[in-house]
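J.: what follows is a predicted protein model with its sequence.
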Amino acid sequence: MSDETKSVLMVARNKKVEALRMATGLTLLDDVIRVAVMGDLDRTDPDVELQLESLDFADVPVVDVDPDRAAEFAEMIVNSDVVYVV
């Protein structure tokens, strides 16, 4: 396994709660994790709240992506070593 730290972008698109769970699991590595949420996310859902709290505790930024921020989203993709879309 490589000792090099990677930049990982998790894109929560279709299965948002699952993407958040996966991102939470990735925090166990020493990689830099970021999450981009496409579309609506029900932040009142208990499962979503739990994952968001875990990501916040691990200092993982969760960014809502909308069409007005397409350039920022593209930059996030380009600057990542690994991109997961779930």
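T.: Thanks, I have the structure now.
J.: could you check the helix or strand where A70 lies and say which residues are buried?
T.: Element membership for A70, per DSSP states H and E: helix 70-78. Going by neighbour count (16 or more other Cβ atoms under 10 Å), the buried part of helix 70-78 is F73, M76. Bear in mind the C-beta positions are built from the backbone N, C-alpha and C, glycine included.
J.: tell me what that helix is packed against?
T.: strand 32-38, strand 62-65 (3 or more Cβ pairs under 8 Å, 6 or more residues apart in numbering; DSSP states H and E).
J.: neighbouring strands - and their directions - for the shortest one?
T.: According to DSSP bridges, the neighbouring strands of strand 62-65, each with its direction, are strand 32-38 (parallel).
J.: list the residues that contact the residue most central in space within the chain.
T.: Nearest to the geometric centre of the chain sits V35, at 1.7 Å (Cα atoms, centre = their mean). With contacts taken as Cβ atoms under 8 Å, 6 or more residues apart in numbering, V35 has the following neighbours: L9, M10, V11, A12, A19, L20, A23, L55, V60, P61, V62, V63.
J.: what do you get for S7?
T.: D31, V32, R34, N79, S80, D81, V82.
J.: which two among those are spaced furthest apart?
T.: The two members of the contacts of S7 with the most space between them (Cβ to Cβ) are D31 and N79, at 13.5 Å.
J.: returning to what we had before: winner for burial among the helices and strands packed on helix 70-78?
T.: Neighbour counts (mean count of other Cβ atoms under 10 Å) averaged over each of these peak at strand 32-38, with a mean of 21.
J.: I'd assumed T5 was in a strand, is it?
T.: No. Read with DSSP: H, G, I helix; E, B strand; the rest coil, T5 is coil and lies in no strand.
J.: start to end distance for stretch 68-84?
T.: 22 Å (Cα to Cα, to the nearest Å).
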